[in-house]
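[1] I'll drop the sequence and a predicted model, then ask my questions.
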Amino acid sequence: MNTVVRAALDNDVLHMLCVGTNLQESEAVIRIAEQFPEVSASIGIHPNEMLETEPTFDELVALAAHPKVIAIGETGLDYYRTEASQDWQHARFKTHIEVAKATQKPLIVHTRNARKDTLAILKAGHADECGGVLHCFTEDWETASAALDLGFYISFSGIVTFKNATDLQAVAKKVPLERILIETDAPWLAPMPYRGKINQPAYVKHVAEFLANLRGVTFEEVAHQTTQNFYNFTGSSKIFS
């Protein structure tokens, strides 16, 4: 972990968010964040996690109370493996939204083959009260626009750099720069030119470089704005300059 953090800092990545996808992992990312001032944590249960007993609202709120926890999730809906709406996924997602609102920490939302239900639950749950991000975005402009209307950010991963991601690239050109976040989703989805290799936070600069070229702006502009967007997303008063 020391090597990964040092490589990120050497590539001018100022801050990293380590994302939990189950209770054990959420506790682990908190321990990692405690070791590094440049690392924060989020806690949540991924929609693909199959559990015998769901964590309660109170359990998640207690875990989120740690000062290094700045977001709730990864949460959301994933019908890719289930191929149908699942009541337990909906219930889990709704609980996470309530936790985010109660703690006033933004949501990190995963959606796959479930865009309609994801947006419906966010709207019905008044997720605009806490805000959040559709992470590792791969959906269409209509989905992005609906999320933007809720005050959410759109986060692009290494997928946007892939040659066959032309539809996603078209969306990335339309999202206002002040509402874009960039991520690695490590250890998966390494951007070009590292596609197929283990991803790491240092590689996020390649996503920024690609978006800058795609949008016809400078790398410095994308790096500056997406960094400030991260601080805005987390409710931090820190200003990047």
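    Great, that's in hand. Residues are numbered from 1 along each chain as shown.
[2] Excluding chain neighbours, what is closest to F219?
    Spatial nearest neighbour of F219, excluding adjacent residues (CB to CB, 6 or more residues apart in numbering): A212 at 4.5 Å. In this view, the C-beta of every residue, glycine as well, is placed from N, C-alpha and C.
[3] what comes up buried for the strand or helix carrying the one you found?
    Take DSSP states H and E as the rule and A212 turns out to sit in helix 204-215. By neighbour count on 16 or more other CB atoms under 10 Å, the buried set for helix 204-215 is V204, K205, H206, V207, A208, E209, F210, L211, A212, L214, R215.
[4] For the fourth one, give me its contacts.
    V207 makes contacts with F156, S157, G158, V160, T161, I182, E183, T184, P191, as judged by CB atoms under 8 Å, 6 or more residues apart in numbering.
[5] and what of the fifth one?
    Taking CB under 8 Å, 6+ apart, we find A208 in contact with I182, F219, V222, A223, T226.
[6] Give the next helix or strand downstream of the lengthiest strand in the chain.
    Of all the segments of type strand in the chain, defined by DSSP state E, the longest one is strand 69-78. If you walk from strand 69-78 toward the C-terminus, the next helix or strand you reach (DSSP H and E) is helix 87-103.
[7] on contacts alone, who are the packing partners of that next one?
    Packed against helix 87-103 by the contact rule (3 or more CB pairs under 8 Å, 6 or more residues apart in numbering; DSSP states H and E) you find helix 57-64, strand 69-78, strand 107-112, helix 115-124.
[8] now that helix, how far from the chain's geometric center?
    Put simply, helix 87-103 sits 16 Å off its chain's centre (CA atoms, centre = their mean, to the nearest Å).
[9] Can you list the buried residues in it?
    Neighbour counts over helix 87-103 (16+ other CB under 10 Å) mark 89-90, 92-101, 103 as buried.
[10] Find the nearest non-adjacent residue to the residue nearest the centre of the chain, please.
    Centrality entry for the chain: nearest residue to the mean C-alpha point is H135, 3.7 Å, by CA atoms, centre = their mean. Distances taken as CB to CB, 6+ apart put S155 closest to H135, at 4.7 Å, once the chain neighbours are dropped.
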